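Novice: Quick one, fold the following:
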Amino acid sequence: MSISDEFHVYDTTLRDGAQQEGLALSVADKIAIAQHLDDLGVGFIEGGWPGAVPKDTEFFERARTELHLRNATFAAFGATCKPETAAADDQQVAALRESGAAVVTLVAKSHDAHVERALRTTLDENLRMITDTVRHLREHGRRVFLDTEHFFDGYRANRAYALEVVRVAAEAGADVVALCDTNGGTLPRELQDIVRDVLESTGARLGIHCHNDAGCAVANSIAAVEAGVTHVQGTINGYGERTGNADLLAIVANLELKRSMQLLPPGRLAESFRIAHAIAEVTNVPPSTRQPYVGVSAFAHKAGLHASAIKVDPDLYQHTDPALVGNDMRMLVSEMAGRASVELKGRELGFDLGSDRELVSRVTDRVKEMEARGYTFEAADASFELLLTEEVTGRRASFFDVESWRVITESRADGEAVSESTVKLVAAGEREIVTGEGNGPVNALDHALRTAIERAHPVVTKFELVDYKVRILDQGHGTDAVIRVLIETADGEGSWVTVGVGHNIVEASWEALVDGVTYGLLRHNATHDDNASRLEVAR
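Specialist: This is a model prediction of the structure:
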């Protein structure tokens, strides 16, 4: 179970987060995400709305046998009974009761206008619905949390009624009453003042549920905790409708690292990066590189001035140790790079350049010259490592010698366009001439290249092109513009990015493809932690 009932970390990714535009979760997806959430160590996982959403009903049925949680407790989400209906006779309440979840989270109206216009009932009847439903579920052995929808807007419109909703819910037996900033427009100072007033006026145990429409969801959640709430809700990666919900990982990291609160089981916070990206894979929503704590750029440094200071002490330009959330510091090598940037990046890649000032200067000048022509190394670590290896050894890492390549695209009678490429090269002393087909010129070249070297280097069968990005750098030149291509290659154990630049998009793609395969072979034929081994392979 959760590490303590004194403070709740409550995840609603599977319910509120799933309302994000473009995010659709299958039951299998929800089960996989729930397992990751339990691994993280959250106290409660809101699984969805059984009885109202068939997929969620199936999820709770399957979760009983397919998931064995070590840290979390499942919560079923649903509404209070309908107006003029007893909770014992309400089918939706029955579905919550029969879901098998030990906790039921009810949503109730706390804004008088919503009661009268959305529910089309009276303020007193709304209070009756809350009281009856909470008591009914408690009588059937369920722990009850209550989400007060649109609470902060309702408080501004009718403070007395909003407070009464909290009061009657607590008196009926709700363990926690969560105040919801449903429209996401409240600012931290006002929210904190309201939370304090509710605590003093009702004595109820309070929680907080924030949306990010004003960009304050995480700040509001922390402000509420500092005002006295002991239950915080959010979603992994800030998923949710409109601009999203409060990012639960940022909230927890801030409270653990900045306020010394132990919210997750020991050691679990360091799993944040891994779990954030694992869940992003399940949702098929690309993670934000700039996400606090767990974004790949959260601890990335580019400017030379920063690099000089980081070389002395990394803490000078980092608000916390990235390892505490499972992330890493990264040095970005670009046209802004100074000697310190290159030296630190080399160290990150396993090269000790500190004793060779001339080499560092040469690499720095080459990076700046190439980036002026359109290359980018901050997004293509693998290409930078190949460049660095070349400067250190005096030759380009090579596992094959290309004689020529060509590619053609034809439109067939059925309207389908097919590309065919021919690659001629020498690998392991053998000349290979290979033709490959693909649904596009890059796909065809990729197939032909890997087929041509497969006999000499069988490991290339594991390589797969997983991402391809094209950018026009000088649009004013029209079709004669310089093109930059970034290609991400994976081998089942990791991935790497290479860059190619040219006036011809296929030529730029070929450069990135060759570098991607070359780096992959270098990776598989040398130990990353052994400079000598790596350089020997490169030679």
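
Novice: Where does the prediction get shaky in the stretch 251-400 of the chain?
Specialist: 302-314, 330-341, 344-345, 348-349, 354-355, 378 (pLDDT under 70).

Novice: need the strands for the stretch 101-250 of the chain, in chain order.
Specialist: Under the criterion DSSP state E, counting those that start in this stretch, strands of the stretch 101-250 of the chain are mapped to 103-109, 143-149, 176-181, 206-210, 231-234.

Novice: Rebuild those as TSV, extending it with mean pLDDT, mean neighbour count and distance to V342.
Specialist: Quick note: C-beta positions are derived from backbone N, CA and C, even for glycine. Shown next, in TSV, are the strands of the stretch 101-250 of the chain (pLDDT from 0 to 100; neighbours: other Cβ atoms under 10 Å; distance: least, Cβ to Cβ, whole Å):
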stretch	mean pLDDT	mean neighbour count	distance to V342
strand 103-109	97	24	53
strand 143-149	97	24	52
strand 176-181	98	26	46
strand 206-210	98	27	43
strand 231-234	98	27	40
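
Novice: now whichever helix in the chain runs longest, how far from the chain's geometric center?
Specialist: Counting by DSSP state H, the longest helix found in the chain is helix 505-524. Distance of helix 505-524 from the chain centroid (Cα atoms, centre = their mean, to the nearest Å) equals 27 Å.

Novice: Over to stretch 364-381?
Specialist: Chain-centre distance of stretch 364-381: 28 Å, with Cα atoms, centre = their mean.

Novice: so what's the closest residue to T376 other than its chain neighbours scoring on pLDDT?
Specialist: The shortest distance from T376 to any non-neighbouring residue, by Cβ to Cβ, 6 or more residues apart in numbering, is to V499 (5.9 Å). We have a pLDDT of 91 for V499.

Novice: which outside residues touch the one helix or strand V499 maps to?
Specialist: Using DSSP states H and E, V499 maps to strand 495-502. Strand 495-502 is contacted from outside by 373-377, 379-383, 386, 466-467, 473, 482-489, 507-513, 515-516, 519-520, 523, using Cβ atoms under 8 Å, 6 or more residues apart in numbering.

Novice: residues touching the nearest residue to A18 once chain neighbours are set aside, list them.
Specialist: Distances taken as Cβ to Cβ, 6+ apart place L25 nearest to A18, at 5.2 Å, with adjacent residues excluded. For L25, the contacting residues are 14, 18, 33, 55, 282-283, by Cβ under 8 Å, 6+ apart.

Novice: where does the stretch 1-150 of the chain have low pLDDT?
Specialist: 1-3.

Novice: circling back to that earlier point, closest to V363 out of the strands of the stretch 101-250 of the chain?
Specialist: Of all these, strand 231-234 sits nearest to V363, with 43.4 Å by Cβ to Cβ.

Novice: What pairs with the closest one, parallel or antiparallel?
Specialist: Paired strands of strand 231-234, with direction, are strand 8-11 (parallel), strand 206-210 (parallel) (DSSP bridges).

Novice: which residues touch the last one?
Specialist: Strand 206-210 is touched from outside by 8, 10, 12, 145, 147, 166, 176-182, 184, 186, 195, 198-199, 216-218, 220-221, 224-225, 228-234, 245-246, with contacts defined as Cβ under 8 Å, 6+ apart.

Novice: Figure out how far it is from the centre of its chain.
Specialist: Worked out by Cα atoms, centre = their mean, strand 206-210 lies 23 Å from the chain centre.

Novice: could you check the angle strand 143-149 makes with it?
Specialist: Angle, strand 206-210 to strand 143-149, by axes from the mean of the first three to the mean of the last three Cα atoms, to 10 degrees: 50 degrees.

Novice: quick one, strand 206-210 and strand 103-109 angle?
Specialist: 70 degrees.

Novice: Next, the angle strand 176-181 makes with strand 206-210.
Specialist: Angular relation of strand 206-210 and strand 176-181 on a 0 to 180 degree scale: 30 degrees, by the same axes, to 10 degrees.

Novice: pretty sure G346 is in a strand, no?
Specialist: No: counting by DSSP: H, G, I helix; E, B strand; the rest coil, one finds G346 to be helix, located in no strand.

Novice: Next, the contact list for it, please.
Specialist: Listed by Cβ under 8 Å, 6+ apart, the contact set of G346 reads 352-353, 360, 363, 388.
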